[in-house]
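**Student:** with the sequence up front, the predicted model follows.
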Amino acid sequence: MSQAEVAREAGIGKSQLSKYEQGKELPKLESLERVLAVLNLGSLDFFYALHLLDRGAEQPPKSEPREDVTAAFDRVMSHLLDLHRQVVLETARSGMRREDEISREG
């Protein structure tokens with residue numbers, strides 16, 4: 001999906017989206033939510049990815065060569081997928097507990 005398509009579907013200008021991507025401006029929460037919705041990315045996943053990236057930046061440099069960017073991205077995506085699975089499982093468990101409560105009430 002191109003930058004123009006994301007901006008159009010999120011209802012913001014392409015130049016505005018570019019400023020967000022380059023870190024020149026911070027989006028309003030409403031704009032961020034619309035961009036994340038277009039990208040089919042939940043806010044929890046987004047902020048968790050930021051947390052992982054920040055945590056990686058805080059670690060002291062390693063003596064061995066830096067990790068390849070693709071490998072780092074794969075690691076972040078793996079963490080995001082694990083988080084997504086946990087959220088889906090917990091949501092399903094919560095739904096089953098609620099159904100049990102309802103059936104006991106009825």
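**Tutor:** It's in. Numbering: from 1, shown residues only.
**Student:** lowest average confidence, helix or strand, in this protein?
**Tutor:** Sorting the helices and strands of the chain by mean pLDDT, DSSP states H and E puts helix 69-105 at the bottom, at a mean of 79.
**Student:** and that one, how far from the chain's centre?
**Tutor:** Relative to the centre of its chain, helix 69-105 is centred 14 Å away, using C-alpha atoms, centre = their mean, to the nearest Å.
**Student:** give me the buried positions along it.
**Tutor:** Buried residues in helix 69-105, counted by 16 or more other C-beta atoms under 10 Å: 76, 80, 83. All C-beta spots, glycine's among them, are computed from the backbone N, C-alpha and C.
**Student:** switch these over to JSON lines; also include distance to Glu105.
**Tutor:** Below are those laid out as JSON lines (distance: C-beta to C-beta, whole Å):
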{"residue": "Val76", "distance to Glu105": "43"}
{"residue": "Leu80", "distance to Glu105": "37"}
{"residue": "Leu83", "distance to Glu105": "33"}
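**Student:** now, which of the residues you listed sits nearest Tyr48?
**Tutor:** Set against Tyr48, the nearest of the buried residues of helix 69-105 by C-beta to C-beta is Leu83 (5.5 Å).
**Student:** now name the helix or strand holding the residue lying closest to the closest one once chain neighbours are set aside.
**Tutor:** Excluding its sequence neighbours, the residue lying closest to Leu83 (C-beta to C-beta, 6 or more residues apart in numbering) is Tyr48, at 5.5 Å. Tyr48 belongs to helix 43-58 when assigned by DSSP states H and E.
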